[in-house]
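S.K.: My questions concern the predicted model and sequence given below.
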Amino acid sequence: MAKKGWDEFEIGAMLRTFDGKIDNIAATRQENRNYSDNSSYTASVADWRLIKPVFNKDYCIDCQFCWIYCPDVSIISRDQKLIGVDMDHCKGCGICVEVCPTNPKSLLMFPEQTDEESAIANWPKKDDKEA
Amino acid sequence: MAFEKMELREVEVWDGNFAAAQALRQAQVDVVAAYPITPSTPIVEGYAQFTADGYVEGEFVMVESEHAAMSACIGAAAAGGRVATATSSQGLALMSETLYQASGMRLPIVLNLVNRALAAPLNVNGDHSDMYMVRDSGWIQFDAFCPQEAYDLNLIAFKVSEDHDVRLPAIVNQDGFMTSHTAQGVKPLSDDAAYAFVGEYKPMNDMLDFEHPVTHGVQTEEDWHFEHKARQHNDLMTKVTPKIEAAFTEFEKLTGRKYNIIEKYDMDDADVCVVCLGTSVETAREVAKEMRADGIKAGVIGLRVIRPYPFFAIADALKNIKAIATLDRSSPNGAAGMLFNEIAGSLFNTDTKALLSGYIYGLGGRDLTKAHLVALFKELQANADAGKVLTPLQQFIGVRGPKLAFL
């Protein structure tokens, strides 16, 4: 965002989410919305994340629990199928893992620097005791 | 419109609180969120009654504290409504954090501040310590000296505050009990004329404009905060006073009642004068007139607008005065006094040879009598005759015990 002088921006501690007028926004997917530079959608706000969720699609049943519970709208779901996590906005809270009902879980938390492929290669097996 | 209108007489007998409540009704305030505190309670109680009785198409929101009251007002104002509330003293103190939110977010809220002392010791009566406490909070501050002015200034406050070039909240001060609970003749406008003067509320950046979503109350750090505060100060320094003057002119055309940024009484040929606020202005006016029979050319200045502070107008009004007294109705607690400091600042780089002395009076509702002011004017005349201040620069009026003076 350009650093403007004191007389160059709109008054108030106020920012516009979109450039111009919006219409039927609820039915418009995020990637198709005209977000302004001031919207946090266009910026990474995840730099304080220490642990991250890794998604393993082999176990996912597309129940959408994680999508509903995520407080940062960072679970990306298309046509009722979980397709990934928005790592620019995920804060690493772990709620998605907590609510995941599969065995083993389809989302698990790993240290931020963990390589995703090796995390999936070493995914835990089904917990028989729980079942 | 879906609400009842009220037939008013040409002259109503209203105290300052009821006069303010009637102005809120006539302005058709959308939301009043309030927590009761003496002596301001009847203002919001009055609005609640008018709303319940169908005279206002608005919402009265009961909250759990003054902090919550102003917070709810901020939310309602950001949503896009005409908003007002009232408080006093400790209530304002609890509200103070949110006052800065309201002004920084540029939300045009009208706050009726019925001036009352700040504890401890606990006291419900009038002084100006609450008014002084929030003078740097970025709000416009008007001061009413009587119930009529409390009514008039409320209507004017909405008009100025909501102007899109201003968009700053406004406080209308009136003295606790001396104005708020003293019934006097008040000439109201008709409901239609009052509403036409204030005008339809024009939203700006409102959250209920779903086609243009906004985020209010954003966080900024060292990279943006200074620019926002500078913008707010710039607008207070350059944009507000012309809008107030325009509103005063329009109001005078409508009612014949003329308001000025600073009110001057018998100042044209005055040698000595007092500068004060609130009901004391009316007492001082009466005494100043009487002093002329004793050969003392006395005048009075009352500040109608405290913020933005009329820096040059004060200097101009005082340029030919020989001895000036500032009357501060708040304990400066280790300094000279708000009016003393502000007026000294106004005069400092001018050619004036005026002598300036400060007086602290009336704390916790202690009376300022005519006898006090007679003695004060005589002291000023003695200063003027001697060409120097013969008294300490800070004296206390009306406190028991040995004479108290400093500086």
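M.R.: Thanks, I have it.
S.K.: residue closest to the middle of chain A?
M.R.: For chain A, residue A:74 is the residue whose C-alpha lies nearest the centre (CA atoms, centre = their mean; 1.6 Å).
S.K.: List the strands paired with the helix or strand of chain A with the lowest mean pLDDT, with their directions.
M.R.: When each helix and strand of chain A is scored by mean pLDDT, DSSP states H and E, strand A:14-16 comes last, with a mean of 90. Strands adjacent to strand A:14-16 in the sheet, as given by DSSP bridges, are strand B:214-216 (antiparallel).
S.K.: wait, residue B:338 sits on residue B:135?
M.R.: Yes - the pair formed by residue B:338 and residue B:135 meets the contact definition of CB atoms under 8 Å, at 6.9 Å. From N, CA and C alone the C-beta is placed, and that goes for glycine too.
S.K.: helices or strands up against whatever helix or strand comes next after the least confident helix or strand of chain A?
M.R.: Counting by DSSP states H and E, the element after strand A:14-16 in chain order, helix or strand, is strand A:51-55. With contacts taken as 3 or more CB pairs under 8 Å, 6 or more residues apart in numbering or on different chains; DSSP states H and E, strand A:51-55 sits against strand A:81-85, strand A:107-111, helix A:116-121.
S.K.: tell me what the second one is packed against?
M.R.: Applying 3+ CB pairs under 8 Å, 6+ apart, one finds that strand A:107-111 makes contact with strand A:51-55, helix A:95-99.
S.K.: most packed of the helices and strands packed on strand A:51-55?
M.R.: Sort these by mean neighbour count, taking mean count of other CB atoms under 10 Å in any protein chain shown, and strand A:107-111 sits at the top with a mean of 18.
S.K.: Can you list the strands that that one pairs with?
M.R.: Here, using DSSP bridges, strand A:107-111 pairs with strand A:51-55 (antiparallel).
S.K.: Show the subsequent helix or strand relative to the strand it pairs with.
M.R.: Next helix or strand after strand A:51-55 toward the C-terminus (DSSP H and E): helix A:65-69.
S.K.: can you tell me the average pLDDT over that next one?
M.R.: For helix A:65-69, mean pLDDT is 97.
S.K.: Can you list the buried residues in it?
M.R.: Across helix A:65-69, burial judged by 16 or more other CB atoms under 10 Å in any protein chain shown covers A:65-67.
S.K.: How about stretch B:82-90?
M.R.: Those would be B:82-90, for stretch B:82-90 by 16+ other CB under 10 Å.
S.K.: now swap in stretch A:44-55 and tell me
M.R.: Residues A:46, A:49, A:51-55 are the ones in stretch A:44-55 that count as buried (16+ other CB under 10 Å).
S.K.: roughly how far is it from the heart of the chain?
M.R.: What separates the centre of stretch A:44-55 from the centre of its chain is 9 Å, taken as CA atoms, centre = their mean, to the nearest Å.
S.K.: Report how far apart the opening and closing residues of it are.
M.R.: For stretch A:44-55, the first-to-last residue distance is 20 Å (CA to CA, to the nearest Å).
S.K.: swap in stretch A:38-56?
M.R.: End-to-end span of stretch A:38-56 (CA to CA): 33 Å.
S.K.: ok now it, how far from the chain's centre?
M.R.: Distance, stretch centre to chain centre, for stretch A:38-56: 7 Å (CA atoms, centre = their mean).
S.K.: And for stretch B:216-232?
M.R.: 27 Å.
S.K.: which SSE is residue B:335 in?
M.R.: Residue B:335 is part of no helix or strand, with elements assigned from DSSP H and E.
S.K.: Contacts only, for it.
M.R.: For residue B:335, the contacting residues are residue B:341, by CB atoms under 8 Å, 6 or more residues apart in numbering or on different chains.
S.K.: got it, and residue B:104?
M.R.: Residue B:104 makes contact with A:12-13, B:138, B:228-229, B:232, according to CB under 8 Å, 6+ apart.
S.K.: now residue B:28
M.R.: Neighbour list for residue B:28: B:3, B:56-58, B:82, B:195 [criterion: CB under 8 Å, 6+ apart].
S.K.: how about the helices and strands packed on strand A:107-111 in CSV, adding mean pLDDT?
M.R.: Putting the helices and strands packed on strand A:107-111 into CSV (pLDDT from 0 to 100) gives the following:
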stretch, mean pLDDT
strand A:51-55, 97
helix A:95-99, 98
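S.K.: Can I get those in TSV including distance to residue B:390?
M.R.: Formatted as TSV, those follow (distance: least, CB to CB, whole Å):
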stretch	distance to residue B:390
strand A:51-55	76
helix A:95-99	75
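S.K.: Of those, give the one that comes closest to residue B:111.
M.R.: Nearest to residue B:111, of all these, is helix A:95-99, at 40.6 Å by CB to CB.
S.K.: Up against chain B, what does chain A have?
M.R.: Applying CB under 8 Å from any CB of the partner chain, one finds that chain A approaches chain B through A:3-7, A:9-18, A:21-23, A:25, A:38.
S.K.: at 7 Å what do you get?
M.R.: Applying CB under 7 Å from any CB of the partner chain, one finds that chain A approaches chain B through A:3, A:5-7, A:11-18, A:21-22.
S.K.: could these be laid out in a markdown table, adding neighbour count?
M.R.: Putting the residues of chain A next to chain B into a markdown table (neighbours: other CB atoms under 10 Å in any protein chain shown) gives the following:
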| residue | neighbour count |
| --- | --- |
| A:3 | 8 |
| A:5 | 9 |
| A:6 | 15 |
| A:7 | 10 |
| A:11 | 19 |
| A:12 | 22 |
| A:13 | 19 |
| A:14 | 21 |
| A:15 | 21 |
| A:16 | 17 |
| A:17 | 18 |
| A:18 | 18 |
| A:21 | 9 |
| A:22 | 16 |
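S.K.: quick one: which of the residues you listed is nearest residue B:106?
M.R.: Nearest to residue B:106 among those, with distances taken as CB to CB, is residue A:12, at 3.8 Å.
S.K.: Now do the contacts for that closest one.
M.R.: Contact partners of residue A:12, counting by CB atoms under 7 Å, 6 or more residues apart in numbering or on different chains, are B:105-106, B:205.
S.K.: Residue A:90 now?
M.R.: By CB under 7 Å, 6+ apart, residue A:90 lies in contact with A:46, A:49, A:52-53, A:72, A:74.
S.K.: distance of the residue nearest to the centre of chain A from chain B?
M.R.: Applying CB to the nearest CB, to the nearest Å, the value for residue A:74 to chain B is 18 Å.
S.K.: Could you do residue A:123 as well?
M.R.: Distance, residue A:123 to chain B, by CB to the nearest CB: 39 Å.
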